[in-house]
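**Q** this is a predicted model, with the sequence first.
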Amino acid sequence: MATATDPGNPWLSLTKHMSYVVQHLRVDRSLIRRLIDAGVLGLQDADELEKESTSQKKKVDRLLVEILPKRQPSLFTAFCKVLTDVGQGFIVQRILGNSDHVQKSVSRDEDLAHSARDEVMGHHVPDDLPSFDEAAAMGLPTWKQWDMSMPIGGWSYGRMVLLDGKLIVGGINGSVYIYTEIDNRWDTVSRENGFVSTIVCYEDVCLVVVKDDKKKQYEVERFFPNEDVKWRSVTVLPPEMQMVGVSVALHENCLFVVGGETESRERVNTARMFDLTSGQWMVLDDVPTKRSFASSCVVSDTVFVGGGEIGQSRLSNVVECYNLGSRRWRSIAVSRNYYTTLTSVSNRLVATGGMTTSTSSTPSNAVQLYDDRSAGWLPLPPMTKKRWGHGGFSADSGEIVMAGGDDANTIESLKID
C-alpha cells in the first residue's frame with residue numbers, strides 16, 4: 001500500500017501543484033458532500049473541514065496536507081471526478097497533465113496520457129445518441145436539407161455568420177463567400193494580399209482575422225459586405241498571438257482570441273480580449289488546454305472553447321469556458337466527439353460533428369446539447385451529413401444551421417425547441 005510519502009502515491013500530485021491548487025480550489029459544502037458520497041472523505045474529516053475557519057486557504061491546506069494524503073490511492077480518480085462534477089475540472093487537467101503518477105501508471109506516451117485524462121473527465125459523454133433513421137422513427141425533429149448548397153466544400157471551422165439577410169462563410173481557400181437569397185446567388189470576395197482565416201459577427205458588426213501577406217502579420221479587420229470598400233483595419237493581433245489557428249469569439253464590444261499554433265507547430269494556451277470601444281487589448285488568464293483551430297462561441301455571459309488540435313495528428317474533445325463575471329476559466333464535461341463545432345442557439349451550447357476518436361479520420365454526424373442542470377451533454381437528432389471543420393450559426397427562430405466541412409458543400413438546419 002502506498003504511504004503518504006511514497007513517490008507512487010497519486011495524492012502527491014496535489015502537493016506538487018500546491019500553489020496553483022490553493023489559489024483555484026474552492027472547498028465549499030457542495031464539494032464536501034460530494035466527496036463524502038464518493039467515499040473520498042469520512043464524516044469526521046468533513047466535520048473538521050466545515051468547522052474550519054472561513055478562510056479558503058486554511059480549508060484547502062487542511063484538505064491537501066492533512067486529509068487526502070492519508071486516503072487510499074485508489075480514491076484519487078474518484079476525487080478527480082468529483083472536481084469535474086462541481087465545475088473545477090480545470091484543476092484536474094493541471095494535475096493530470098503533469099502528474100508523475102499518471103505518467104507511470106498509464107504510459108509515458110503522450111497519446112495514452114491524454115486518453116487517461118479523457119477517461120477521468122469523460123464520464124458525462126453520452127453513448128446513446130440515435131442515428132438519423134432512429135431519430136426519425138422516434139418522431140424526433142430531424143435535420144432539413146436546404147435546396148441551395150455552397151459553391152465549394154471545404155473547411156470553414158465554424159466561420160459562418162448571418163448578417164443583413166446574407167449568409168457569409170469565411171476561411172475556405174482564404175476567401176469570403178456571400179449568399180444573397182433574393183438573388184439566389186453566391187459571390188466570392190477576396191482580400192488583396194491577404195488570407196481570411198476566420199470570421200465572427202455580433203449584431204451589425206462583422207469582423208475577420210486576416211493574414212496580410214504584404215505586411216506579414218495577422219490583423220483584425222471589419223468586413224462590410226454591402227459596401228464598395230469592404231475591408232477596414234481595426235487592430236493588429238498582439239505579438240504573442242501572431243500565428244495560425246487562433247480561435248475567436250465576439251461578445252458585444254469585446255473580441256476574444258484564444259490559442260493558436262506557432263510556425264514550429266507548437267500549440268499555445270494564450271488568451272486575449274480586445275475592447276472595440278477603447279481599442280485596447282487585455283491579457284486574460286491562460287486557457288488550461290493548449291490547442292489550435294478550436295471552435296468557440298458565446299452563450300449568455302460565458303465564452304466556450306472546444307475541440308481543435310492538441311498535437312501532431314491529435315484532436316481534442318475538451319470543452320472549457322470563461323465566465324465574463326468571475327473572469328476565470330473552468331472545464332465542463334468533454335464532448336462525445338473530437339474537433340467538434342460549437343454553436344450558441346437560444347442561449348444554449350450545441351456541439352456538432354467532429355471526429356470519433358482523438359486520432360481518427362472518421363467524421364461524425366452526432367449532435368449534442370449541453371445541459372447546465374446535469375453538467376453533461378444530451379443527445380439531439382444527428383445531422384444528415386457527417387461533418388468536421390464545418391461552419392454553423394443560429395437563427396432568431398431557434399434554428400441551428402450547419403454547412404460545409406471537409407468534403408461537404410451541403411447546408412442543413414434543425415429547429416431546437
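**A** Good, I have the coordinates. Numbers count the residues shown, from 1 in each chain.

**Q** please name the bridge partners of the spatially most central residue of the chain.
**A** The chain has Gly306 as the residue nearest its centroid, 1.8 Å off, counting by Cα atoms, centre = their mean. Using DSSP bridges, the bridge partners assigned to Gly306 are Ser295, Val319.

**Q** Arg191 is in contact with Lys214, correct?
**A** No. With contact defined as Cβ atoms under 8 Å, Lys214 and Arg191 do not form a contacting pair (10.7 Å). (C-beta placed from N, C-alpha, C; glycine too.)

**Q** I'd like the mean pLDDT over stretch 23-31, please.
**A** Averaged across stretch 23-31, the pLDDT comes to 77.

**Q** next, the distance between the ends of that stretch.
**A** Criterion Cα to Cα, to the nearest Å; first-to-last residue distance in stretch 23-31 is 16 Å.

**Q** and for stretch 403-417?
**A** OK, stretch 403-417 end separation, Cα to Cα: 21 Å.

**Q** what's the answer for stretch 70-80, then?
**A** 16 Å.

**Q** cool, stretch 281-298 as well?
**A** End-to-end distance (Cα to Cα), stretch 281-298: 19 Å.

**Q** gap between the residue nearest to Val283 when sequence neighbours are not counted and Arg159?
**A** What sits nearest to Val283 in space, not counting adjacent residues and going by Cβ to Cβ, 6 or more residues apart in numbering, is Arg272, at 6.3 Å. Noted for Arg272: a distance of 19 Å to Arg159, by Cβ to Cβ, to the nearest Å.

**Q** what of Phe76?
**A** Phe76 is 41 Å from Arg159, by Cβ to Cβ.

**Q** which of the two has more residues huddled nearby?
**A** Taking neighbours as other Cβ atoms under 10 Å, Phe76 and Arg159 compare with Arg159 leading, 29 against 25.

**Q** which pLDDT value goes with the more buried one?
**A** 72.

**Q** hmm, back to that, what about Lys214 and Arg191, which has more around it?
**A** Arg191 (21 against 8).

**Q** tell me the contacts of the more buried one?
**A** Gly174, Ser175, Val176, Val208, Val210, Glu221, Trp231 (Cβ atoms under 8 Å, 6 or more residues apart in numbering).

**Q** am I right that Ile310 is in a strand?
**A** Yes. Under DSSP: H, G, I helix; E, B strand; the rest coil, Ile310 sits within a strand.

**Q** surely it is in contact with Ala294?
**A** No. Ile310 is beyond contact range of Ala294, at 9.4 Å (criterion: Cβ under 8 Å).

**Q** give me the common contacts of those two.
**A** Contacts common to Ile310 and Ala294, judged by Cβ under 8 Å, 6+ apart, are Ser316.

**Q** which one's more surrounded, the two?
**A** Ala294 (31 against 21).

**Q** which non-adjacent residue is nearest the more buried one?
**A** Gly308 (3.2 Å).

**Q** isn't the one you found up against Tyr339?
**A** Yes. With contacts counted by Cβ under 8 Å, Gly308 reaches Tyr339, the gap being 6.6 Å.

**Q** which neighbours do these two have in common?
**A** Phe293, Leu315, Ser316.

**Q** take the residues you listed and lay them out in TSV including neighbour count and secondary structure.
**A** Shown next, in TSV, are the shared contacts of Gly308 and Tyr339 (neighbours: other Cβ atoms under 10 Å; DSSP: H, G, I helix; E, B strand; the rest coil):
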residue	neighbour count	secondary structure
Phe293	24	coil
Leu315	24	strand
Ser316	29	coil
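
**Q** gap between the residue nearest to the centre of the chain and Tyr370?
**A** Taken as Cβ to Cβ, the span from Gly306 to Tyr370 is 10 Å.
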